[in-house]
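Colleague: Here's a sequence, model it:
(2 chains)
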Amino acid sequence: KAGVTQTPRYLIKTRGQQVTLSCSPISGHRSVSWYQQTPGQGLQFLFEYFSETQRNKGNFPGRFSGRQFSNSRSEMNVSTLELGDSALYLCASMSVGTQYFGPGTRLTVL
Amino acid sequence: EDQVTQSPEALRLQEGESSSLNCSYTVSGLRGLFWYRQDPGKGPEFLFTLYSAGEEKEKERLKATLTKKESFLHITAPKPEDSATYLCAVQPRDDKIIFGKGTRLHILP
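Modeller: Predicted coordinates for the structure are as follows:
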């Protein structure tokens, strides 16, 4: 089976812009979670989707949003980018209590 | 408040020198504790899931154990390729998985 894929792998944006990141889970996995990873804060949970419904949400501002499609693919959107949004954004799909992570999207905000 | 603390932050070992990494947690209703390995520039790679105190799991040179307050990742006779950041995460009753900040392990040949 193919693993979790994320696109794009690298992204450079400027403050105030918005960005959309994409994640394709492992085939058959219906749960997709998103995380932000920074050197100072480590991995922080953003949200989880299951069968197109947001099941859980972390403590991030409303500028961070996401959605899941009927084929389980997921997107996350960040509006009005700030310098502090520079991070590695990781997507994970889950099955039987185990999360499998993608390679991440490295977002740099200038 | 649910939280996870990993120690030490960094660890340097000689090849073959066994050691343990610690993950202490405070959580309301533990549903599972996870260990991951992360190499630079890559996403975390799943290692183990532990569900209840007393449980142990092994994979090659790694062994994970769980008590009611902490988990240990024991590394026996490590090799340079075991160098990575090891992450611990817990899943509390509300399902919001919480990660520790990791232990950076460096094995010297």
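Colleague: Which residues of chain A lie near chain B?
Modeller: Residues of chain A lying close to chain B (Cβ under 8 Å from any Cβ of the partner chain) are A:4, A:33, A:35, A:41-45, A:48, A:55-56, A:58, A:90, A:92, A:97-104. C-betas here are computed from N, CA, C, even on glycine.
Colleague: how much space between residue B:93 and residue A:56?
Modeller: Residue B:93 is 12 Å from residue A:56, where distance means Cβ to Cβ, to the nearest Å.
Colleague: quick one: the strands in the chain?
Modeller: Picking chain A for this. Secondary structure of chain A by DSSP state E: the strands cover A:5-7, A:10-13, A:19-24, A:31-38, A:42-50, A:53-57, A:64-68, A:74-78, A:87-95, A:98-101, A:105-109.
Colleague: was after chain B, sorry
Modeller: With DSSP E, the ranges of strands along chain B come out as B:3-7, B:10-14, B:19-26, B:32-38, B:45-50, B:56-59, B:62-66, B:70-75, B:84-91, B:98-99, B:103-108.
Colleague: List just the one of those strands that sits closest to chain A.
Modeller: Between chain A and the strands of chain B, the tightest spacing by Cβ to the nearest Cβ is seen for strand B:98-99, at 3.9 Å.
Colleague: In space, what's closest to residue B:39 - neighbours in sequence excluded?
Modeller: residue B:84 (5.2 Å; Cβ to Cβ, 6 or more residues apart in numbering or on different chains).
Colleague: The one you found pairs with what?
Modeller: Using DSSP bridges, the bridge partners assigned to residue B:84 are residue B:105.
Colleague: do residue A:6 as well
Modeller: residue A:23.
Colleague: Count the residues that sit near it.
Modeller: By the criterion of other Cβ atoms under 10 Å in any protein chain shown, residue A:6 has 21 neighbours.
Colleague: Name all residues that make contact with it.
Modeller: For residue A:6, the contact set (Cβ atoms under 8 Å, 6 or more residues apart in numbering or on different chains) comprises A:21, A:22, A:23, A:24, A:89, A:90, A:91, A:102, A:103, A:104, A:105.
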